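Peer 1: can't give you the sequence, but here's the structure:
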C-alpha cells in the first residue's frame, strides 16, 4: 500500500498597470497573473498484491483568471482517476504482459 500527497499555494500580484500605448493603459495593478491558481492539491493511493494492483488519484486545481485584468476566470475543478491492472508476466512471445483499466 502506498500513499502520496501534495499541496501548493501560489499568490501572485502584478505591480503596475500595463502601458500598451499613451492612450491605452490596461488596469492590471494589483491583479493576479493569469493561469496561476492559488491552490493545487493532489492525493493518490495504490494497493498492489502479487500480480494485481488498484489505485486512485484525486487532483484539485483552484480558480484562476484567464486575462491580465482578471475580468474572466475559470472555476476550480477536481479530477478523479481510478486504475487497476493485472500482470500476467511472460506469456509465450509476450514479455511482461499486463492488462490495465
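Peer 2: Sure thing, it's come through. Not measured: the values here are computed from a predicted model.
Peer 1: Can you list the neighbours in contact with the longest strand that the chain contains?
Peer 2: In the chain, assigned by DSSP state E, the strand with the most residues is strand 77-91. With contacts defined as Cβ atoms under 8 Å, 6 or more residues apart in numbering, strand 77-91 is touched by 51-61, 94, 96-101. Any C-beta I mention is one placed from the backbone N, CA and C, and that applies to glycine too.
Peer 1: Of those residues, select the buried ones using a ChimeraX command.
Peer 2: The ChimeraX selection below is limited to those of the contacts of strand 77-91 classed as buried (16 or more other Cβ atoms under 10 Å):
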select :53,61
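Peer 1: quick revisit: in its sheet, which strands sit next to the longest strand of the chain, and in what direction?
Peer 2: When pairing is defined by DSSP bridges, strand 77-91 lines up against strand 52-61 (antiparallel), strand 94-100 (antiparallel).
Peer 1: Output those strands as a markdown table; include the columns mean pLDDT and distance to residue 72.
Peer 2: Listed next are the strands paired with strand 77-91 as a markdown table, based on pLDDT from 0 to 100; distance: least, Cβ to Cβ, whole Å:
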| stretch | mean pLDDT | distance to residue 72 |
| --- | --- | --- |
| strand 52-61 | 97 | 16 |
| strand 94-100 | 89 | 38 |
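Peer 1: Same list (the ones you listed) but as TSV, adding distance to residue 76.
Peer 2: Putting the strands paired with strand 77-91 into TSV (distance: least, Cβ to Cβ, whole Å) gives the following:
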stretch	distance to residue 76
strand 52-61	6
strand 94-100	29
